[in-house]
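Peer 1: Need coordinates for the below:
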Amino acid sequence: MLQLTEHRRSAPVALTVGQQQKLRAWFDAEFEPAPGGLVTVTPGARVGGAVVDGLAVSVRPKIPVERLLQLLSEIADPYGWLEHDDAVASAKTVEDAVAALFVRACQQTFRRGLLHSYRRTRQDLGFVRGKVLIPQTIRRFAPVPVAVEADVFDEDNLENRVLRAALQVVRLSPVVSHRTRSDAHRQWREVRDVARLRDPLEASRRIVWTRQNLWYERAIRLARIVLASGSISPDAGDTTIPGFVLNMPQVVEQWVRTRLRRAWSLDARVMPDAWKKQLWLDAGRRVELQPDLGVRVGGDWRFVGDVKYKVLQPSGARRDDVYQLNAYLTATRILDGVLVYAGDAGRDETLVVGDRRIHVVSVDLSREDAGLELARKLAQFAP
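Peer 2: Residues are numbered from 1 along each chain as shown. All right, here's what the predicted structure looks like:
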């Protein structure tokens, strides 16, 4: 197995050209030549595991795996009800730990029973139930079966279909432990009879949370992480690489957003995950802007910010990051915006640009109280 660490150069290793191409697409890896035909590998901001042309590769995050699991737990369950068992605690790799955390969430969810809901179906029956479909029925010579349309109350709903797809990823993954795969298979059997989804990740975003399905929210949030990290088709070829990879900038961005929602008592309606087709820099709506953080109430922007999974350098915020946030302030007509550098501790500062103020704050993700530190530093900007 090739053991790597996020953003850290490895010792010289032997890799084929094909393996290098796929690692570049999979982990944003960079390579430098070394003596003897070897290369050094520096992964980007993606962590997890994959099997690349027969080579098992595991990339650890810069922060401890336990802290990454804590971030993911807070994303899935901001109020801390998600329990960790020994399978999660004993996981040796990040991919196995994340998979075990998701399986544990499914166990807790299914313990309350499977979610049932109504869905409309069309069936050919030997008896009449529901609405008879006259055009389909009269075209048949035999009196039965009868084409009918009826409402069915069962477990074949969008929530269970999404969990089935994510559990399928885990139970077939070659980079997680046998124990985690076995646990995932047991949970998969609970929902194996529901219909399959063509794009379960996209379908998961259509779920609307109500009092009837709210106990599924933790498992669905982790399912989205699993589905997004399952596999991709690299530019190097048409073969999909089996793997389990997390995009760390996306994880950290979602964590910051989740912590602020909790601290400011907001929901996803006023502070959504994305602002697609909602904000433009120009009047002609040609230059679209998508801030990582935004709060809008009744059509009025109350807060805007951006998250950077970077170390805040002693020289301060990067110039392009400042330009980006200044564009957000211009478009939203807000005077104060925040740049959150999530990585290591740095020097906070405020930049004055005309009548606007750009507040640069840093958060040390390795600290257990990072969430509290984030809420404290941004408390003055609560809408």
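Peer 1: pLDDT-wise, which helix or strand of this structure ranks last?
Peer 2: Comparing every helix and strand of the chain by mean pLDDT, DSSP states H and E singles out strand 231-232 as the least confident one, with a mean of 48.
Peer 1: shouldn't residue 321 be in contact with residue 338?
Peer 2: No. Taking C-beta atoms under 8 Å as the definition, residue 321 is not a contact partner of residue 338, at 11.4 Å. For the C-beta atoms, the positions are set from N, CA and C on the backbone; glycine is no exception.
Peer 1: just to revisit the earlier point, show me what the helix or strand following the least confident helix or strand of the chain is in contact with.
Peer 2: Moving toward the C-terminus from strand 231-232, the first helix or strand encountered (DSSP states H and E) is strand 241-247. With contacts defined as C-beta atoms under 8 Å, 6 or more residues apart in numbering, strand 241-247 is touched by 22, 26-27, 45-52, 59, 68, 94-95, 98-99, 169, 173-176, 225-226, 228-232, 234.
Peer 1: ok, of the residues you listed, which come out buried?
Peer 2: In terms of neighbour count (16 or more other C-beta atoms under 10 Å), the buried residues within those are 22, 26-27, 45-50, 52, 59, 68, 94-95, 98-99, 169, 173, 175-176, 225-226, 228-231, 234.
Peer 1: quick one, helices of this protein?
Peer 2: With helices called from DSSP state H, the chain shows them at 17-27, 65-76, 86-89, 94-111, 134-138, 158-171, 178-188, 200-204, 217-229, 248-264, 319-332, 370-377.
Peer 1: out of those helices, which comes closest to residue 342?
Peer 2: Proximity to residue 342, assessed across the helices of the chain by C-beta to C-beta, is greatest for helix 248-264 (4.8 Å).
Peer 1: For residue 306, see how far away residue 338 is.
Peer 2: Spatial separation of residue 338 from residue 306 under the definition C-beta to C-beta, to the nearest Å is 8 Å.
Peer 1: Turn the helices of the chain into a markdown table, columns for distance to residue 2.
Peer 2: Supplementary listing: the helices of the chain in a markdown table, determined by distance: least, C-beta to C-beta, whole Å:
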| stretch | distance to residue 2 |
| --- | --- |
| helix 17-27 | 9 |
| helix 65-76 | 17 |
| helix 86-89 | 24 |
| helix 94-111 | 14 |
| helix 134-138 | 59 |
| helix 158-171 | 22 |
| helix 178-188 | 21 |
| helix 200-204 | 28 |
| helix 217-229 | 18 |
| helix 248-264 | 19 |
| helix 319-332 | 33 |
| helix 370-377 | 30 |
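Peer 1: who wins for proximity to residue 346 among those?
Peer 2: Judged by C-beta to C-beta, the one of the helices of the chain that comes nearest to residue 346 is helix 370-377, at 11.7 Å.
Peer 1: contact partners of the closest one?
Peer 2: Contact partners of helix 370-377, identified using C-beta under 8 Å, 6+ apart, comprise 74, 255-256, 259-260, 262-263, 340, 348, 361, 363-364, 367.
Peer 1: Next: stretch 289-298.
Peer 2: Applying C-beta under 8 Å, 6+ apart, the set of residues contacting stretch 289-298 from outside is 253, 256-257, 260, 264, 266, 270-272, 274-276, 278-281, 301-307, 327-328, 331-332, 338, 340, 383.
Peer 1: Next: stretch 263-270.
Peer 2: In contact with stretch 263-270 (C-beta under 8 Å, 6+ apart) are residues 260-261, 271, 295-297, 374-375, 378-379, 382-383.
Peer 1: Ok, stretch 174-194 next?
Peer 2: Defining contact as C-beta under 8 Å, 6+ apart, one finds that stretch 174-194 is touched by 48-51, 56, 58, 87, 91-93, 95-96, 99-100, 103, 106-107, 110, 114, 155-157, 160-161, 163-164, 167-168, 170-173, 242-244.
Peer 1: swap the cut-off to 7 Å and go again
Peer 2: Applying C-beta atoms under 7 Å, 6 or more residues apart in numbering, the external contacts of stretch 174-194 come out as 49-51, 87, 95-96, 99-100, 103, 106-107, 110, 114, 155-156, 160-161, 163-164, 167-168, 170-171, 173, 242-244.
Peer 1: again with stretch 156-168
Peer 2: By C-beta under 7 Å, 6+ apart, the residues outside stretch 156-168 that reach it are 102, 106, 114-115, 117, 119, 184, 187-188, 191-192, 194-195, 197, 200, 203-204, 206-207, 213, 216, 219-220, 223, 226-227.
Peer 1: Flag the shaky bits of this structure, pLDDT-wise.
Peer 2: Low-confidence regions of the chain, defined here as pLDDT under 70, cover residues 79-91, 122-144, 146, 148, 150, 230-242.
Peer 1: can you tell me which residues contact the residue positioned nearest the centre of it?
Peer 2: Residue closest to the average C-alpha location in the chain (C-alpha atoms, centre = their mean): residue 225, at 3.7 Å. Residues near residue 225 by C-beta under 7 Å, 6+ apart: 72, 98, 246.
Peer 1: Please spell out which residues along stretch 355-371 are buried.
Peer 2: Using 16+ other C-beta under 10 Å as the test for burial, stretch 355-371 gives 356, 358-363, 365, 370-371.
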